[in-house]
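Colleague: no sequence on hand, only this structure:
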C-alpha cells in the first residue's frame, strides 16, 4: 500500500514540533488508535454480517451495542481504545482480545527476559530502566506462568540422534557432526 504525497501533506499540516508528531497527544498515537478502532469495527462487521448503519437479516437478534473504553499500555504509554460490542456478548475481537491490557509485544519481552534467567524482580527493574514501564510483579508472574507449559514441553522434547553443524559456509554437511548417545 502506498500513501499519497497529498494525504501525507494533509496529515502533517498541523505538525510543527516533534511532540506534535510523536508526543502523547501526537499524530502517530492518534493514528494508531484510529486504525485499531477501525480494524475492531471491521471485525464486528464480519462477526455480525452487516455494515454499520445497515440492516441485519430479519431473523438475526444480535446487533451492535456501542463500545467500551479500554486503556491499553504499550511502548508509547497508555492508549485509550473504544472496543465495539454486540448485544449478546459473543463478539471476540482478534486484534485486542478480551482481558488483554498490553500491546507492542511486551509479553514477548517479559518471556525473553525470563528465558534468559532473570527473576521477576530483575525483569521488573529492567523494564522500568530500559522502557520506562512500571509493570506489576503480578503481570510478570501471569505472563511467565502462561509460558511455563510451553517451555517445559520444549525442554523435554525428544532430541534428534545427529545434529549437523557447519563451521564455514563451504564445508561439506557431514564434516562436523554432533552425535548424541542415549
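Modeller: Nice, I can see it. Just so it is clear, the structure is predicted and the values come from calculations on it, not from any experiment.

Colleague: where in the protein is pLDDT low?
Modeller: Along the chain, the model assigns pLDDT under 70 to residues 1, 75, 106-107, 131-133, 146-147, 149-151, 154, 162-182.

Colleague: show me the helices in it, by range?
Modeller: Secondary structure of the chain (DSSP state H): helices at 5-11, 18-22, 27-48, 106-115, 120-131, 137-155.

Colleague: out of those helices, which is the most enclosed?
Modeller: helix 106-115 (a mean of 18; mean count of other CB atoms under 10 Å). Heads up, the C-betas are built off the backbone N, CA and C, glycines and all.

Colleague: and it, what does it pack against?
Modeller: In this structure, helix 106-115 packs against helix 120-131, helix 137-155, with contacts taken as 3 or more CB pairs under 8 Å, 6 or more residues apart in numbering; DSSP states H and E.

Colleague: show me what contacts residue 128?
Modeller: By CB atoms under 8 Å, 6 or more residues apart in numbering, the contact set of residue 128 is 134-135.

Colleague: same thing but at 7 Å, please
Modeller: Contact analysis of residue 128 by CB atoms under 7 Å, 6 or more residues apart in numbering lists residue 134.

Colleague: so how far is residue 47 from the nearest residue to residue 66 once chain neighbours are set aside?
Modeller: Using CB to CB, 6 or more residues apart in numbering and skipping residues adjacent in sequence, the residue nearest residue 66 is residue 85, 6.3 Å away. Computed as CB to CB, to the nearest Å, the residue 85 to residue 47 distance reads 10 Å.

Colleague: hey, what's in contact with both of the two?
Modeller: Common contact partners of residue 85 and residue 47 (CB under 7 Å, 6+ apart): residue 91.

Colleague: contacting residues around the residue nearest to residue 66?
Modeller: Residue 85 touches 65-68, 91, counting by CB under 7 Å, 6+ apart.

Colleague: of these - the most surrounded one?
Modeller: residue 91 (20 neighbours; other CB atoms under 10 Å).

Colleague: hang on, that residue packs against residue 44?
Modeller: Yes - if you go by CB atoms under 7 Å, residue 91 and residue 44 touch, sitting 5.7 Å apart.

Colleague: and this protein, what are its domains?
Modeller: 1-101, 105-182 (automatic domain parsing).

Colleague: so which of the helices of the chain gets nearest residue 95?
Modeller: Set against residue 95 and scored by CB to CB, those come closest in helix 27-48, at 5.2 Å.
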